[in-house]
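# Give me the fold of what follows.
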Amino acid sequence: MRILITGASGFVGSLLVPRLCADGHKVRALGRDRERMRTALARTQRPAQRDDVELVHADVLSAAGLARALAGVEVAYYLIHSMEQPPNGDSSFPERDLLAAENFAAAATDAGVRRIVYLGGLTPRRDAPTAAADSVAGIDTEAKVSRHLASREQVERVLLAAIPDSLALRASIVIGAHSRSFRLLVHLVERLPVLTLPAWQALSTQPIDARDVIEMLAACATARLPRNSLDVGGPDTLTYGEMLTRIAELMLVNRPALTLRVNLTGVTARVAAAIAGEDPALVLPLMEGLQADLLPAEHHAAELLGVQLHSFDGAVEHALSEWLQSEPLAAR
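Got it, this is the predicted structure:
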């Protein structure tokens with residue numbers, strides 16, 4: 001089967017390319033920067049696989065190159081998300097995401113693509129207000145959807161409406177050495193002698209191992225499922241505070257915690273970005289989403305896709321081990 005992977009230079013895309021090659025698929029990797037794709041894939045591919053992947057250049061925002069990239073493709077993976085502000089500052093990331101999805105959906109339809117597979121984000125369950133909300137200031141009792149998560153919902157609707165046999169997986173935090181969300185948490189543990197945690201530390205989610213996400217996405221190429229969208233999560237439900245504490249313990253560092261009763265999202269995001277050395281334009285949308293629990297509505301995805309889930313501790317240990325293969329951890 002010929003498969004196209006957009007976002008091939010990203011964290012998930014670069015891991016998915018060799019996994020699909022291992023299944024015998026003909027893989028075409030799409031990106032705006034060929035050299036960036038080569039660098040990312042060199043990290044994840046075995047040498048024998050490197051000649052098996054076709055690299056193509058296209059721009060989903062302008063649609064330039066999409067028709068050629070999608071020619072002959074049966075399944076297309078859409079792994080593109082943008083939260084950073086563009087240099088010219090002429091549009092917000094939800095507007096760019098919507099335009100990109102509409103361009104891609106139209107081009108995939110014209111090319112006769114049989115299925116689009118999309119990796120989106122879990123959103124707060126409207127029917128299940130956060131338990132912590134009643135006692136913690138800054139968390140609303142009504143589950144709100146942030147700009148970032150609302151944008152992912154909108155992209156999912158566009159893609160699934162274009163090609164009826166398409167599939168979407170929705171995840172919260174993916175645990176992997178090159179996951180920016182996970183790296184943010186690790187850097188906070190590394191660089192904060194005391195973990196000063198805003199009100200969102202009491203919120204719960206089900207982080208998932210990157211290995212499990214890759215297996216699920218690979219299975220989506222051929223899976224016949226009873227529904228188009230599946231919520232995915234790991235086997236462990238933890239609060240964000242518990243996640244940070246467990247990461248510190250697995251890194252063998254002692255980090256006492258100080259809990260605040262307010263969020264102050266704008267201030268907290270900028271402080272966290274400065275501490276972690278991250279782009280505030282990325283961190284702010286992520287923290288805006290911390291207004292309610294992010295939990296799967298159902299727990300059948302792993303079984304339906306034939307994936308055995310790793311524990312949170314196992315996911316973190318594996319991610320830290322991979323991290324140390326390419327760069328040091330300051331806390332160790």
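# use CA for all of it now, contacts and neighbours both
OK.
# helix or strand right after the strand or helix carrying Arg28?
Per DSSP states H and E: Arg28 is located in strand 26-31. Next in sequence after strand 26-31, counting helices and strands by DSSP H and E, comes helix 34-44.
# Show me which positions of whatever helix or strand comes next after that next one end up buried.
Later in the chain than helix 34-44, the nearest helix or strand by DSSP H and E is strand 53-57. Buried residues in strand 53-57, counted by 16 or more other C-alpha atoms under 10 Å: 53, 55-57.
# Run the angle between strand 53-57 and helix 34-44 for me.
150 degrees (axes from the mean of the first three to the mean of the last three C-alpha atoms, to 10 degrees).
# ok now the longest helix seen in the chain, how far from the chain's centre?
Using DSSP state H, we find that the single longest helix of the chain is helix 93-111. Distance of helix 93-111 from the chain centroid (C-alpha atoms, centre = their mean, to the nearest Å) equals 19 Å.
# Identify each buried residue in that helix, please.
Neighbour count says helix 93-111 has 93-94, 96-109, 111 buried, by 16+ other C-alpha under 10 Å.
# Dump it to PDB, restricted to CA.
Output in PDB follows, covering the C-alpha atoms of helix 93-111 (Å, rounded to 0.1, in the frame of the first residue of the first chain):
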ATOM      1  CA  PHE A  93      -2.800  29.100  14.600                       C
ATOM      2  CA  PRO A  94      -6.500  28.100  14.500                       C
ATOM      3  CA  GLU A  95      -6.900  29.900  11.200                       C
ATOM      4  CA  ARG A  96      -3.800  28.400   9.800                       C
ATOM      5  CA  ASP A  97      -4.800  24.900  11.000                       C
ATOM      6  CA  LEU A  98      -8.200  25.200   9.400                       C
ATOM      7  CA  LEU A  99      -6.800  26.400   6.100                       C
ATOM      8  CA  ALA A 100      -4.200  23.700   6.000                       C
ATOM      9  CA  ALA A 101      -6.800  21.000   6.800                       C
ATOM     10  CA  GLU A 102      -9.200  22.300   4.100                       C
ATOM     11  CA  ASN A 103      -6.400  22.400   1.500                       C
ATOM     12  CA  PHE A 104      -5.300  18.900   2.400                       C
ATOM     13  CA  ALA A 105      -8.900  17.400   2.500                       C
ATOM     14  CA  ALA A 106      -9.600  18.900  -1.000                       C
ATOM     15  CA  ALA A 107      -6.400  17.600  -2.500                       C
ATOM     16  CA  ALA A 108      -6.900  14.100  -0.900                       C
ATOM     17  CA  THR A 109     -10.400  13.900  -2.300                       C
ATOM     18  CA  ASP A 110      -9.200  14.900  -5.800                       C
ATOM     19  CA  ALA A 111      -6.500  12.300  -5.600                       C
END
